[in-house]
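Undergrad: here is my input, please return the structure:
(3 chains)
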Amino acid sequence: MHPLALNFDFLFSNFSQLTVTGLALGAVYAMVALGYTMVYGVLQLINFAHSEVFMYGTFATLWTVYFMGGTARTSGFALARMLTVAMVIAMIVSALVALLLERVAYRPLLKRNSPQLMALISAIGASFVLSETMGLRDNITRWLGLNDNFSRYVSGARDTRGLPMDIQTHQLFPIGNYHVTNIDLIVICCALLMMLLLDQFVRRSRLGRGIRAVAQDPESAALMGVNSTRVVQLTFLLGGLMAGAAATLYMLRIGATRFDAGFILGVKAFTAAVMGGIGNLRGALVGGLVLGVAENWGSALVGTQWKDVVAFVLLVVILLFRPTGILGESLGKARV
Amino acid sequence: MGQDVAAGPGETTGRPMLEVDHVTLRFGGVAALDDVSFEIREGEILGLIGPNGAGKTTCFNVMTGVYRPTRGEVRFRGRPLTRMKRFQITRLGIARTFQNIRLFKTMTALDNVKVGGDTNSSVGLLNALFRTPRQRREESETHQRAMELLEFVGIGRRAEELAANLSYGDQRRLEIARAMATNPKLLCLDEPAAGFNPAEKQRLMELIRKVRDQGFTVLLIEHDMRLVMGVTDRIVVLEFGRKIAEGPPAEIRDDPAVIAAYLGVDEDDAS
Amino acid sequence: MSRLGLPTMTLPPQLRGRPAKAVGVAVLVLFLYALPLLDLPIVTTPDSDFGGVLYTMATYVLVALGLNIVIGYAGLLDLGYVGFYAIGAYVTAVLGVQHGHWPYLLTIPVAVAVTMLSGVILGAPTLRVRGDYLAIVTLGFGEIIRLSAKNSDWLGGARGIQNVPKPPSVHLFDVPHLKWENGTVLVDVTNKTQAFVFGFVDYVPYYWMALTVVFIVLIADMLIKSSRVGRAWEATREDEDVAEVMGVPTFRYKLLAFAMGAFVGGLSGSISAAGANFIYPDSYQITVSVIFVAAVVIGGQGNRWGVMLGAALVVYLPERFRGLEEYRILMFGIALMLLATFRPQGLLPPRVTRRAKALERDLEDLETGEEPQEVTS
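TA: Numbers count the residues shown, from 1 in each chain, chains lettered A, B, ... in the order given. I've put the predicted structure just below:
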């Protein structure tokens, strides 16, 4: 099909489906975007390795399911319970990876007042280390002599690994000519709930005020007794929790993951954060949802192979007309 | 008002160089500047003073084209400074220094000044690549002029030092040299004596007079009364965004409104 | 009296005066050309063809020089440089074999022109968007180029383009390689490089071609950097607002840096296509852009020698230690983290020579008993 022929027919006849599933996809983007936007707001740093924080969450989900004995026959209440536990574990794992990242890859540089670009290099290096470690896990366990115990977890280290069960989709209610499924609903509601909690936390709690203070003016914040190291840690922690939750929702929807699955999703999520206004929490939400829906509409119009192009073209267009993103942000000063 | 502009080579006509015409600047609901009007005449040294928060820096920024006034107009030699890009304003002939010293830290003193001097150069990349005679000539002129300026302000020996490694006083001088390199008609100095001891301030006053004697018009924002009284031809006083007095130093010193505005601030207070 | 006087303006600053220095440079240049023939024991890569490795190194050094203009001189974070690289390669391939039969050398100017144009088109709207936003937009640009090539049959689709044209061969003479055996150096007449034949097995002529282009671009870089253009870039990078106030039209110079970067990027892409028998879109992924940036930053951004070293290392080290193939990326990641933490200024930080010279001068003053420096506090 010629790339410039826009398939409006397809778009309109499947509008509901594209939009609803786009929102679900966008919700996942949004949750990961929060991690990028928060770290950027507080440190003016692109946390390149956040995509791996997400990826570890997906594996945590997968392994929890293995561990709890999930099989193709697991369903209904047992499955729901399994996945809930998996989400909690994934959130914890992702948060821990994020904290480790902060401690090892960023804090030493920030303490030495290194140039910005070097922090980015450290982030890139950390991203490679994290993803390769996952991709070489079979070698690592072999080297540690633990091969037999963990073979199920580490085999096929560079392959796509899927959840052992098919998650049954139940059609719930129609919007337009599309029946919204339970998965769509769970993903969207879960994501919105978590983001609401985060928003309230940042807005109302003492710790949240600390984050906003450091984002606005680190020196004054320090003068007011805010411990900026703790604030940075907290920022990474919250981003990690969100990414972990997103990871489970992602597994719910896609069902499979890989050691490099974080990469392209990370790029998209960062794009969403910038689109919505970097440093702006609500912007990350809006950016993510807009991106998810736009991607779906775009791939309907010009074909799925151009899906990723749609994301970037959209970004450029938005930045052209609104250089500070959809919900705006004054450069250097984040509105968290 | 009456006092003539001090003598200098060339123009002493007292023609207005920069006119601030009923300028008002609002930030949100706050009027940072409220109907301010005055002019800077060719060849003079004009001082802009006022207590903290009076709007001096804001006024300065409006006059150098950084801010656009909400109402009113700023005219440079008759031309309004409306929608011009900052580098165009510099090319018109207005140069400035910065209160908190903003040099190009990783460049040498010489290069810092050359950047200012490059404003007068018109060659581009291709000329540079092929080292055409015109480029070589302009480059040599820029170099020559930069060295002269560095000597003029007194840091010729430090030409090849990184700006970041210069002493505080030398950095201030470098800022002045850099601004002068753009060949301005009007040179605006933003608190050039901040952080100086009395001996350095004395030297600075001499330098400013030397600058004016070269044919530049100077606008000076300063906190130090003695310096301002000693070196300026006329003074404009702001308070809460309004002009409260204007005239030669002798008049300003005795002006009750000015004294009231500065109540509690000793003349001898070196800020 | 200033001790600087009026410098001669014809040569770039580094090459003035001192004939001894010129001879040293000449020897070094000759050595570099001879390098693949020498078969030096430790340096030569055991598991891969050294000529091919050097060819790739030279191409990456070229890339690093171009990207250094964008990131190092002008301070613009470009995470999509692979886009320019790809455009250069694809134009050569398209004109040479896919939709034409242009001779290789004629494709180069077109490749460079098209890439420059794309650089200007990309830069014009996005350089007004400041700082880190530029990073994500350029990243997107790189991806758009790759995906467009992949999804377009006109450009060969996912398979790419085969039989990319090669430079014209002219067989003038043969150059034998050396061989080291038990500590003695022999001339191995069975292993010869045909100069200048651009074939499928021997990469040495490609290396020579790339190396020559590197020298040309290097000299151009020195000439441009030591002029007002270089100063304007530095000032813009240091403090854009102040540069504007000092009369520098910063947007124009940023766009110029972008265009120059695109020029060199397209050139290097075209050069790399010469030795590649086929090109395909997935070889131009984001990861490659990241490696380019790493090469520039590792070496010490802004310092042309540093970035050249960085690029050379980035290619050489994985090839030299090919046995550890599986762990290459992991070790690259660890190396980046260590470098960022312990040597953030890069391997060869800029201004080392300047400070050293100034220090030397001060010491000279003390020794010759000149008047002590003016006391300015």
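Undergrad: tell me how far the residue in the stretch 151-300 of chain A that chain C sits nearest to lies from C:Lys225.
TA: The stretch 151-300 of chain A approaches chain C most closely through A:Val274 (5.2 Å), counting by C-beta to the nearest C-beta. The way it works is simple: take the backbone N, C-alpha and C, and place the C-beta from them, glycine included. Counting by C-beta to C-beta, to the nearest Å, the gap from A:Val274 to C:Lys225 is 32 Å.
Undergrad: who's more crowded, these two?
TA: Set side by side, A:Val274 and C:Lys225 show more neighbours around A:Val274, with 32 against 21, by other C-beta atoms under 10 Å in any protein chain shown.
Undergrad: does the more buried one count as helix, strand or coil?
TA: Here A:Val274 is recorded as helix under DSSP: H, G, I helix; E, B strand; the rest coil.
Undergrad: one more: the one 4 residues further on?
TA: Per three-state DSSP, the secondary structure class of A:Ile278 is coil.
Undergrad: cool, B:Leu220 as well?
TA: Three-state call for B:Leu220 (three-state DSSP): strand.
Undergrad: if we can go back for a sec, what's the nearest residue to the residue of the stretch 151-300 of chain A closest to chain C if we skip its chain neighbours?
TA: Excluding its sequence neighbours, the residue lying closest to A:Val274 (C-beta to C-beta, 6 or more residues apart in numbering or on different chains) is C:Ile136, at 5.2 Å.
Undergrad: which stretch of helix or strand covers that neighbour?
TA: Secondary structure from DSSP states H and E places C:Ile136 in helix C:132-150.
Undergrad: quick one: contacts of the helix or strand that that helix is followed by?
TA: For helix C:132-150, the succeeding helix or strand toward the C-terminus, using DSSP H and E, is strand C:161-162. Contacts with strand C:161-162, where a contact means C-beta atoms under 8 Å, 6 or more residues apart in numbering or on different chains, come from C:Tyr90, C:Ala93, C:Val94, C:Val97, C:Gln98, C:Leu155, C:Asn277, C:Phe278, C:Ile279, C:Tyr280.
Undergrad: got it, and stretch C:292-306?
TA: A:117-118, A:121, A:124, C:60, C:63-65, C:67-68, C:71-73, C:77-79, C:81-82, C:85, C:218, C:221-222, C:225, C:307-311, C:313-314, C:332, C:336, C:339, C:345-350.
Undergrad: return the residues of the stretch 1-150 of chain A in contact with chain C.
TA: Contact residues (C-beta under 8 Å from any C-beta of the partner chain) of the stretch 1-150 of chain A with chain C: A:3, A:40, A:44, A:46, A:104-105, A:108-109, A:112, A:114-115, A:117-122, A:124-129, A:132-133, A:136, A:139.
Undergrad: change it to 6 Å
TA: Applying C-beta under 6 Å from any C-beta of the partner chain, we find that the stretch 1-150 of chain A lies next to chain C at A:Pro108, A:Ser114, A:Leu117, A:Met118, A:Ile121, A:Ser122, A:Ile124, A:Gly125, A:Ala126, A:Phe128, A:Val129, A:Glu132.
Undergrad: hmm, C:Met331 and the last one touching each other?
TA: Think A:Glu132. No. Using C-beta atoms under 6 Å as the test, A:Glu132 is too far from C:Met331 to be in contact (8.8 Å).
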